[in-house]
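**Student:** can't give you the sequence, but here's the structure:
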């Protein structure tokens, strides 16, 4: 196994504000590192912050404090409110690039109900990566085959079981060719 650190989180803290005075401190000074090829499993009871940690790693729910370094690029919210317009735009550009390299399969899969499995998988490579529809559909079919769902390419989510929806969601993320995959409730 390679010893290249792919993601390193340092001092991650996340609070959720409940009501006017109550705060819930979900993540407290979390540090973690994952090397390329490593599988890391976070286990804990419901409500312990597992999903929140994943969302902090890909900055869908940016941590209040701490930083995440992914493939050598560090993102942090510290100092963000004081950035000028140009620096803020650069931060947003870096954040979008950061997210294109991290795949996340959500607990509820979030498939578009009006699109076939094939179209669900092909949508992001067209919109985010700029692939042609033909190239994206070819890549999507390849990934659906990879997860055993090639025969369901023209099926809609309502026609799929929960496990089949999950495999379509995995194919969708694989079609983006991520460097890191995060699974919520794998």
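**Tutor:** That came in fine, so what should we check first? These figures come from a predicted structure and were not determined experimentally.

**Student:** average pLDDT across the longest helix seen in the chain?
**Tutor:** Scanning the chain for the helix with the most residues, using DSSP state H, yields helix 85-100. Summarised as a single mean, pLDDT over helix 85-100 is 86.

**Student:** report the buried residues of it.
**Tutor:** 91, 98-99 (16 or more other CB atoms under 10 Å). Yep, even glycine has a C-beta here, placed from its N, CA and C like the rest.

**Student:** okay if I get those as a markdown table plus distance to residue 42?
**Tutor:** Shown next, in a markdown table, are these (distance: CB to CB, whole Å):
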| residue | distance to residue 42 |
| --- | --- |
| 91 | 27 |
| 98 | 20 |
| 99 | 20 |
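
**Student:** thinking again about what came up before, what is the longest helix of the chain packed up against?
**Tutor:** strand 73-76 (3 or more CB pairs under 8 Å, 6 or more residues apart in numbering; DSSP states H and E).

**Student:** domain assignment for this protein?
**Tutor:** 5-100, 117-183 (automatic domain parsing).

**Student:** quickly compare the ones you listed and say which is most buried.
**Tutor:** Mean neighbour count (mean count of other CB atoms under 10 Å) peaks for domain 117-183 among the domains of the chain, with a mean of 18.

**Student:** neighbours of the closest residue to residue 184 other than its chain neighbours, how many?
**Tutor:** Leaving aside its sequence neighbours, residue 184 sits nearest to residue 107 (CB to CB, 6 or more residues apart in numbering; 4.5 Å). Other residues near residue 107 number 12, with proximity taken as other CB atoms under 10 Å.

**Student:** tell me who's in contact with residue 107.
**Tutor:** Listed by CB atoms under 8 Å, 6 or more residues apart in numbering, the contact partners of residue 107 are 51, 184-185.

**Student:** for the closest residue to residue 57 other than its chain neighbours, which three-state class applies?
**Tutor:** Leaving aside its sequence neighbours, residue 57 sits nearest to residue 68 (CB to CB, 6+ apart; 5.7 Å). Per DSSP: H, G, I helix; E, B strand; the rest coil, the secondary structure class of residue 68 is strand.

**Student:** try residue 130
**Tutor:** Applying three-state DSSP: residue 130 is coil.

**Student:** what are the ranges of the strands in this structure?
**Tutor:** 5-18, 22-35, 65-70, 73-76, 102-105, 180-183 (DSSP state E).

**Student:** quick one: closest of these to residue 158.
**Tutor:** strand 102-105 (19.3 Å; CB to CB).

**Student:** and that closest one, what other elements does it pack with?
**Tutor:** helix 162-174, strand 180-183.

**Student:** hey, what's residue 5 bridged with?
**Tutor:** residue 35 (DSSP bridges).

**Student:** contact partners for it?
**Tutor:** Contacts of residue 5 (CB under 8 Å, 6+ apart): 33-36, 69.
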